[in-house]
Structure formats: structure tokens, C-alpha cells
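*Asks:* Here is a sequence with its predicted model. Questions after.
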Amino acid sequence: MVDITSAEIWTAIGRVNLMVVGMVSAKGEARTAGVMPVVDDGRLWFTTNEREWKARHIAANPRVSVTVPVARRIPFVPWVKVPPATITFTGIAETIPAEQLPAGAKHALLHGLELSDGERGALIAIGVRPTGDFVTYGIGVSILGMRDTELARGRAAADPAAVRARMAPAAV
């Protein structure tokens, strides 16, 4: 098992532009959605409209799972396909009006976007605070190291304090 810290995992998460959020509908059906996150103050923030199905599902049950794929490539031979590394965790989602986003996340996610209500409802922000452990595969190991499933696995406490200590608020 790779020796990896929570801070290293937060740094990897902060570099990506996609995460997959798993949720359960009010009917108990599993659903996933790909969203573009921004890391700010120990949470992964994304926006949606209040009438979208993911907003309704998260409002009904804020417990979510998240998988963050981290692209891996071989320098100078990009045509060789390498599976992405992954970071997976559970979390609690919080829904707030988009205008109440923390300043760094607001700037990174909205880029001056109009916040008026549209036909799909008001723009809202959803912040996912990790709970438990981050479980990783391929983070902190070489591409060849990913072939050894035991070596490529990692685990670290999902400590939001680590992100505050190592990362500035959401990068633009």
C-alpha cells in the first residue's frame, strides 16, 4: 500500500476538473452525475439549478459518494492509453444559494455568471465535505506501479484541515 497523506490527496483533487457524485433518489434508486468541482475550505463545490434532478436527490438525501478520476499519461507517447488513477470517498452535501458561495469558489465557478432565476430555477451551490477516509488507486505511484494492485492502493483520513494548511482558496 502506498504511503500517502491527506494533504497530497487534496492537492491531487484540486488539480482536476471532473468528479462523479453518487447519490440516492427519493425512490431509493442509485444515480451518478459528473460535475466540475472547485476545492475551497475542505469542501468540493459545484453548481447546478435548483430544479435539476441531482439537486432534488441531494436535498432528499445529502449522503453522497464521490469518485475523482485523475488522468495519467506517458510523456511523449500520449497515444498509449493508461487508466486514470482514482480517489474515492463518502461525504455530506450541503446546498446553498450560489450567491453565498465562499469568495474563491464563487469566482472560480461563476466567472461573472448571471444569477437570475431561469426556467430551471435558481442557481445553487452544493458543497461536499468528505467524511471517513480517502481511498486511492494510482495516486502517489508511477504508471508502472499501477500494475501492482497492492502497491497502487492508498488510504488517508479525509482531513479538511490538510487542505487549509497546504492549498490557497480555489485557484482561478
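*Replies:* Now that the structure is in, tell me what you want to look at. All values derive from a computational prediction rather than experimental measurement. Residues are numbered from 1 along each chain as shown.
*Asks:* drop to CA atoms for contacts and neighbour counts, all remaining ones
*Replies:* Fine.
*Asks:* Find the centremost residue of this protein, please.
*Replies:* In the chain, the residue lying closest to the centroid (C-alpha atoms, centre = their mean) is Met19, at 4.6 Å.
*Asks:* quick one: it and Lys27, what's the gap?
*Replies:* Separation of Met19 from Lys27 (C-alpha to C-alpha, to the nearest Å) stands at 24 Å.
*Asks:* how near is the residue nearest to Ala30 when sequence neighbours are not counted to Ala152?
*Replies:* Spatial nearest neighbour of Ala30, chain neighbours left out: Val24 (4.7 Å); criterion: C-alpha to C-alpha, 6 or more residues apart in numbering. According to C-alpha to C-alpha, Val24 and Ala152 sit 29 Å apart.
*Asks:* Gly22 too?
*Replies:* 23 Å.
*Asks:* Same question for Ile74.
*Replies:* For Ile74, the distance to Ala152 - C-alpha to C-alpha - is 17 Å.
*Asks:* Could you do Val35 as well?
*Replies:* 26 Å.
*Asks:* Of the two, which one has the most company?
*Replies:* Ala152 (22 against 15; other C-alpha atoms under 10 Å).
*Asks:* State the phi and psi torsions of the nearest residue to Pro84 once chain neighbours are set aside.
*Replies:* Spatially, and ignoring its direct neighbours in sequence, Pro84 is nearest to Ala71 (4.6 Å; C-alpha to C-alpha, 6+ apart). Dihedral pair for Ala71: phi -60, psi 140, per degrees, to the nearest 10.
*Asks:* Are there helices or strands packed against the helix or strand where Ile9 lies, and which ones?
*Replies:* Taking DSSP states H and E as the definition, Ile9 sits inside helix 6-14. If you count contacts as 3 or more C-alpha pairs under 8 Å, 6 or more residues apart in numbering; DSSP states H and E, helix 6-14 packs onto strand 38-40, strand 63-70, helix 160-166.
*Asks:* ok, how many other residues are close to Thr145?
*Replies:* Thr isn't right for residue 145; it's Gly. Residues near Gly145, counting by other C-alpha under 10 Å: 15.
*Asks:* what sits against it?
*Replies:* Each residue near Gly145 by C-alpha atoms under 8 Å, 6 or more residues apart in numbering is listed here: 138, 151-152.
*Asks:* Present the residues you listed as CSV; the columns should include secondary structure and distance to Gly104.
*Replies:* As requested, those are arranged in CSV below (DSSP: H, G, I helix; E, B strand; the rest coil; distance: C-alpha to C-alpha, whole Å):
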residue, secondary structure, distance to Gly104
Gly138, coil, 29
Leu151, helix, 36
Ala152, helix, 33
